[in-house]
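Visitor: Generate coordinates for the sequence data below:
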Amino acid sequence: MDSQAQVVVRDQERFLFLETPSKKLLLPSSRVKADEDFAAAAHRCITETLCMNCGLQGVVKIQHQTGKIVRHTEKLVVTFLAEKLAGQPNLGAPSMALKWVSLSELRGLSSFVVDTAVRLLVQSVHSGAAIYPVSLVECLDVQGARKSGGGGMRRRESEMGVGREGQGEPGVGEELPLEDQMLEQSGYTNHELSQISEEYRQRCGGEGETMNQEQFTKLLTSLGYPLERCPQCFRTLTGSADSNQISLKELSVGLCALDPSTPHGGLSAQFRCQFIFSFYNTSRTGTLSFSEFREMVRDICAGKRVELSDEEVDQSAHDNWKIFEVPGDEGIPLARFLFVVGQLKFRGTSVLFRLPRSPVLKTARTQQTRVRELSPGPGVVTSLSGVATPISGVATPTPGDQLKEQADKSPKTEKKVSFAGLGPTVKEEEDGKGGMEVGRGREEVDGGKREGEEAMNIDPNETLPAGMPAVRVRGEDDSEEDAALGALSGLEGDGFSIATHFVKVRRSGAVADVTTLWDLVGTEMVSGSLDNVLASRPGFDRLPSLNAFDKQSKSNEMVSGLRYFEHALRDNGRGQPKPAFSWGAVDMDSVARCFMELCSKAVDIFSSEPRLLEVSSPTYVLGDLHGNFHDLLCFEKVLWRMGPILTPASFLFLGDYVDRGLHGFEVVAYIFAQKLLMPSKFMLIRGNHEIRAVQETFSYKTECIEKFGPELGLEVWEATNKAFDTMPIAAVIDKKVFCVHGGIPLPTLGDGLISSIAEVPVNLSDPMEQSLLAWDIMWNDPIRSCEIDDVIEQQLDENCGFIDNFARGTAHMFNSVALEQFLKRNGLSHVIRAHECMAAGFQLQQNGRLLTVFSSSHYCGATNEAACVLVHNRKIRTIRLDTT
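Guide: Residues are numbered from 1 along each chain as shown. Sure, this is the predicted structure:
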């Protein structure tokens with residue numbers, strides 16, 4: 001890991017920058033050598049690079065950086081504040097050009113000269129941001145791991161409030177300490193913290209007393225934590241094997257990390273993973289040995305209620321140990337552990353280091369949304385022991401959160417199941433009231449064949465395309481039967497027509513049988529007066545929707561294959577059970593060939609669509625899926641159980657179909673198949689993960705290679721992205737509700753008019769170079785009020801409500817003023833977007849004009865819900881889905 005010490009050098013009201021030949025201003029920094037700590041690297045930067053006499057004041061910020069757009073090594077950056085010593089001579093000539101800049105000069109510089117993040121950092125220092133002791137990082141080695149016996153990132157309560165002027169809370173515009181940021185992200189407000197404080201005071205015996213290990217153990221066991229693990233947990237939270245006391249701050253942060261409802265993503269995941277690492281690193285060496293790692297794997301299996309023998313645990317531990325790529329007999333350092341878990345290569349840590357129930361009762365809030373009026377909570381209690389009902393137990397495993405399974409060792413000569421031969425195989429389970437069960441288990445019937453085929457997906461264009469007259473003008477080649485069939489469609493261009501298929505539906509909602517009009521000739525269901533009309537079947541060029549019911553079509557072949565993939569079977573074709581969400585013995589080459597045909601046809605459809613789709617209500621809008629095939633099927637079973645053709649609504653997906661989840665390929669295969677079957681009802685727009693460089697940084701490219709091999713996998717990946725390249729960029733529902741993946745664009749791009757989206761190139765293989773408008777739409781975010789200080793507010797005012805997106809490092813952020821101007825300029829009422837995970841699956845923002853929706857639950861191991869939006873009857877409704 002590339003660790004760096006960065007220094008903010010101050011001389012009264014001026015700050016020191018390095019000036020590159022291109023006139024860009026950078027903060028001085030030095031790479032941390034293997035034989036030094038961060039503070040030593042900062043001193044070396046000051047004396048050798050700057051050649052100055054400065055006094056190191058303390059730590060301003062600790063930041064873990066990883067690449068978002070292009071792959072590069074991870075970086076741990078510790079920023080120090082140094083004061084130039086007055087009257088002291090320089091130590092020599094600096095190795096680079098230096099420039100002193102005042103705060104007023106800094107504010108006038110563009111982001112091309114000094115990065116926005118650097119400007120904000122310097123401004124926060126000038127405003128009196130909290131400065132922490134240098135001793136905070138003296139216990140961290142070059143890899144960011146704790147040195148033996150050090151307190152590491154777990155700072156004492158007395159250190160948490162130390163600022164440049166002494167004790168105190170962070171001021172306006174200052175960045176909260178990392179622990180406080182984690183508490184805020186996890187939804188631990190003053191209400192929750194006051195419960196912990198009261199319990200702490202009661203168990204200690206009064207104000208001013210400190211909790212000891214015995215009192216801590218009694219607290220945790222009262223919350224259901226195993227007694228034998230309490231000493232290990234105490235050592236983890238205090239960061240010391242010798243301490244017999246735990247501060248209120250350490251307890252608050254620790255209980256938040258142990259809370260089963262704390263999301264296992266973002267900053268809270270980084271803190272939790274540091275705790276997890278320390279918890280299992282019982283040897284206190286700073287690296288996980290194999291035996292310690294094996295205990296972690298065993299606990300993951302236990303947390304997921306997977307029963308394994310000792311030999312199977314050993315094998316799983318060995319398989320997963322290889323993921324970390326540590327040389328020889330060396331252990332896994334903290335930095336490597338955080339990196340591999342953060343890349344989702346090692347899974348299952350979300351179930352570790354958890355209490356069986358939440359230690360606090362949460363009131364009037366959701367964990368990340370801060371939309372308190374939407375989720376009122378239970379009443380207030382003042383004691384932790386008063387919590388009788390757990391919010392959740394051990395995290396429930398999902399298909400997207402599994403340990404890497406042992407590779408299939410069956411010889412390649414064994415029998416493979418033909419993908420094309422996979423038919424609908426699932427017996428529909430019905431409850432006593434005709435309801436639908438979403439459970440994963442299914443019972444086998446007749447030696448592998450199933451009763452009751454799953455619903456075939458039906459083309460919505462069964463009748464003539466929209467806008468085409470129902471009565472055709474007869475030509476020379478028209479038969480009498482064709483003319484009669486045209487009359488059957490209706491007598492006027494805006495009239496109705498009889499669909500060409502009749503459908504039988506079970507009480508559970510599954511389609512049981514599909515019959516064409518022509519199959520009904522001679523039955524009591526069709527009058528004899530139509531016999532002559534229906535006796536001659538029109539060609540496929542006249543009624544292309546017939547192909548949608550052809551079980552041999554590539555689209556339906558893929559849908560049937562995905563039904564097989566979804567369900568567990570007693571026999572996978574090799575005499576072995578097939579787990580749910582696996583391909584079993586299916587020939588993956590045939591899967592790939594079928595998929596690439598779908599991609600080729602999808603390119604044709606996407607290319608023919610406008611870049612700004614116009615959609616009519618009622619429409620269901622879904623946000624990020626991120627390879628969560630399980631949740632996509634849950635949405636199917638709830639929203640279009642009978643198939644989209646029998647559901648009186650359209651479906652709009654806002655992008656980010658791949659990456660992070662295990663089943664990005666299956667998600668894309670499903671939505672592409674449905675798109676081909678019903679192009680006017682399944683609408684797909686592009687997100688920021690439908691870009692090659694992003695997928696290379698995350699998981700989809702690797703997923704394709706793992707499922708199809710190095711050569712065929714790359715072909716599948718490229719075929720997917722050729723289709724992504726041609727996807728529309730945005731949509732508007734009823735000309736009033738603007739729908740995008742990221743956010744509204746700068747007003748300087750296309751004059752801020754959505755009509756300019758039509759000018760975006762159809763083939764957009766490199767959005768950043770080809771269309772900044774498309775890039776903004778896919779990447780932009782709304783800025784939250786808690787992120788706005790006086791400096792940012794001034795920049796927003798000067799730039800029509802926009803600012804550089806310092807959170808993502810690309811594109812922009814916008815405020816409510818920019819949104820209102822955009823809506824007014826385009827005659828719109830609302831914007832629906834995706835792009836950000838929300839605890840409740842959605843968040844209402846910016847004066848109720850902006851709605852963020854996220855449709856993948858348990859994202860990256862978190863506890864968030866999945867949601868969608870229904871736009872209908874001039875109402876915008878949010879629907880949260882129970883995916884358990």
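Visitor: switch to C-alpha atoms for all contacts and neighbour counts from now on
Guide: OK.
Visitor: the helices in the stretch 651-800 of the chain, which residues?
Guide: Assigned by DSSP state H, counting those that start in this stretch, the helices in the stretch 651-800 of the chain fall at 664-677, 692-697, 700-708, 710-725, 767-770, 772-779, 790-798.
Visitor: What is the last one packed up against?
Guide: Contacts of helix 790-798 with other secondary structure elements, assessed using 3 or more C-alpha pairs under 8 Å, 6 or more residues apart in numbering; DSSP states H and E, are made with strand 802-804.
Visitor: how far away is M96 from S555?
Guide: Using C-alpha to C-alpha, to the nearest Å, one gets 62 Å for the distance from M96 to S555.
Visitor: So for these two, which sits in the more crowded spot?
Guide: S555 (28 against 14; other C-alpha atoms under 10 Å).
Visitor: Where does the more buried one sit, in terms of helix or strand?
Guide: Using DSSP states H and E, S555 sits in helix 554-566.
Visitor: centre of the chain versus whatever helix or strand comes next after that helix, how much separation?
Guide: Sequence-wise, the next helix or strand downstream of helix 554-566 (DSSP H and E) is helix 588-608. Distance of helix 588-608 from the chain centroid (C-alpha atoms, centre = their mean, to the nearest Å) equals 25 Å.
Visitor: quick one, strands of the stretch 101-250 of the chain?
Guide: Secondary structure of the stretch 101-250 of the chain by DSSP state E, counting those that start in this stretch: the strands cover 162-163, 166-167, 211-212, 245-246.
Visitor: before we move on, back to that, how about the helices of the stretch 651-800 of the chain in TSV, adding mean pLDDT, mean neighbour count and distance to C634?
Guide: Converted to TSV, these look like this (pLDDT from 0 to 100; neighbours: other C-alpha atoms under 10 Å; distance: least, C-alpha to C-alpha, whole Å):
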stretch	mean pLDDT	mean neighbour count	distance to C634
helix 664-677	95	23	12
helix 692-697	92	19	25
helix 700-708	95	20	22
helix 710-725	96	20	24
helix 767-770	92	14	32
helix 772-779	95	24	26
helix 790-798	90	15	41
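Visitor: now those helices as CSV including distance to L183?
Guide: Compiled in CSV, these are given as follows (distance: least, C-alpha to C-alpha, whole Å):
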stretch, distance to L183
helix 664-677, 32
helix 692-697, 29
helix 700-708, 32
helix 710-725, 38
helix 767-770, 36
helix 772-779, 27
helix 790-798, 24
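Visitor: can you list the domain ranges for this protein.
Guide: Using automatic domain parsing, the domain ranges for the chain come out as 2-138, 175-386, 611-881.
Visitor: Quick check: phi and psi at E307.
Guide: The phi and psi values for E307, taken as degrees, to the nearest 10, are phi -90, psi 120.
Visitor: Next: the one 5 residues further on.
Guide: Reported as degrees, to the nearest 10, the phi and psi values for E312 are phi -70, psi -40.
Visitor: Tell me the confidence at it?
Guide: pLDDT, the model's per-residue confidence, is 89 for E312.
Visitor: State the distance from it to N320.
Guide: Taking C-alpha to C-alpha, one finds E312 at 12 Å from N320.
Visitor: Name the residue in these two with the higher neighbour count.
Guide: Using other C-alpha under 10 Å, the more surrounded residue of E312 and N320 is N320, with 21 against 13.
Visitor: so that one sits in a strand?
Guide: No - using DSSP: H, G, I helix; E, B strand; the rest coil, the assignment for N320 is helix, not a strand.
Visitor: That one against F346, yeah?
Guide: Yes - applying C-alpha atoms under 8 Å, one finds N320 in contact with F346, separated by 7.0 Å.
Visitor: circling back: out of the domains of the chain, which gets nearest to R563?
Guide: In terms of C-alpha to C-alpha, the element of the domains of the chain nearest to R563 is domain 611-881, at 9.8 Å.
Visitor: how about the helices of the stretch 651-800 of the chain, which one is nearest L237?
Guide: Among the helices of the stretch 651-800 of the chain, the nearest to L237 by C-alpha to C-alpha is helix 692-697 (32.9 Å).
Visitor: ranges for the helices of the stretch 251-400 of the chain?
Guide: With DSSP H, counting those that start in this stretch, the ranges of helices along the stretch 251-400 of the chain come out as 266-280, 290-303, 310-321, 334-342.
Visitor: Reformat those as a markdown table; add distance to I757.
Guide: Shown next, in a markdown table, are the helices of the stretch 251-400 of the chain (distance: least, C-alpha to C-alpha, whole Å):
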| stretch | distance to I757 |
| --- | --- |
| helix 266-280 | 33 |
| helix 290-303 | 48 |
| helix 310-321 | 46 |
| helix 334-342 | 35 |
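Visitor: Tell me which of the ones you listed is the most buried.
Guide: Neighbour counts (mean count of other C-alpha atoms under 10 Å) averaged over each of the helices of the stretch 251-400 of the chain peak at helix 266-280, with a mean of 22.
Visitor: so where do the helices sit in the stretch 1-150 of the chain?
Guide: Using DSSP H, counting those that start in this stretch, the helices of the stretch 1-150 of the chain run over 38-44, 103-107, 116-126, 135-138.
Visitor: Hmm, L714 is touching K701, no?
Guide: Yes - using C-alpha under 8 Å, L714 is in contact with K701, at 7.4 Å.
Visitor: where are the low-confidence patches of the stretch 151-300 of the chain?
Guide: Residue ranges of the stretch 151-300 of the chain with pLDDT under 70: 151-178, 207-208, 266-267.
Visitor: again, 50 this time
Guide: The stretch 151-300 of the chain contains residues with pLDDT under 50 at 151-175.
Visitor: and what of the stretch 701-850 of the chain?
Guide: The model of the stretch 701-850 of the chain has no residue with pLDDT under 50.
Visitor: let's see 90
Guide: Within the stretch 701-850 of the chain, the stretches with pLDDT under 90 are 784-790, 806-809.
Visitor: Could you point out the longest strand of this structure?
Guide: Longest strand in the chain, counting residues (DSSP state E): strand 54-65.
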